[in-house]
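J.: output the structure for:
(3 chains)
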Amino acid sequence: METITSCQSMTETYPIREASMEAEEGFRRSQDMDREGNNKLDLPEDGYQWKKYGQKFIKHVNKYRSYFKCHNAECRAKKRADWSYSEPGNLRVVYNGVHTHAPLTHSHSSQQGTTSTSTSGPNPYNLLTQVLGDQTASFRHDN
DNA sequence: CGCATTTGACCCGCGC
DNA sequence: GCGCGGGTCAAATGCG
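T.: Below you'll find the model as predicted:
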């Protein structure tokens, strides 16, 4: 699954701000799962609910890999998130499948189509979100 | 009490 | 044929 060509702009020496980084209004969903050790991950809310069903440490690249599944049973959409061991800011999110249901409707979130607010996207970090096709992912013989 | 999350074990596929 | 890696499921625990 090395379909990622040369989008590795995340290898730069990006100064990950540790403090005063809670300015993210629409992304304050950082679930403080202290079980990850010392890595606090802020999952980029894409507007869907995900259920974590597993986590593994890929020693091959010294990175953690979390596996998420759509909260909906009808939804065959899956999400995979890998992040560096020492640099949780380098979060890579890979979406698999397609959602068969509408995304979460943020009723109180006035931050939507306002592109003027977010200059470099929702997350200032080197976030890489790869959206794969539907069956193109040819995952398992899942349903 | 319910639900979400976590950890371990198991299974499958591929490589050598 | 065996081994290793990666991925998924199931069960248990904690918190809201």
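J.: list the contacts for the nearest residue to A:His101 once chain neighbours are set aside?
T.: Distances taken as C-beta to C-beta, 6 or more residues apart in numbering put A:Asn72 closest to A:His101, at 5.3 Å, once the chain neighbours are dropped. From N, CA and C alone the C-beta is placed, and that goes for glycine too. Residues near A:Asn72 by C-beta atoms under 8 Å, 6 or more residues apart in numbering: A:Gln49, A:His99, A:Thr100, A:His101.
J.: check whether stretch A:76-87 contacts DNA strand B.
T.: No - when contact is scored as C-beta under 7 Å from any atom of the strand, no part of stretch A:76-87 falls within range of DNA strand B; the minimum is 11.0 Å.
J.: what is the rounded mean pLDDT of that stretch?
T.: For stretch A:76-87, the mean pLDDT works out to 81.
J.: how much space separates the nearest residue to A:Lys63 once chain neighbours are set aside from A:Gln49?
T.: On the basis of C-beta to C-beta, 6+ apart, the spatially nearest residue to A:Lys63 that is not a chain neighbour turns out to be A:Asp82, at 4.9 Å. Applying C-beta to C-beta, to the nearest Å, one obtains 20 Å for the distance of A:Asp82 from A:Gln49.
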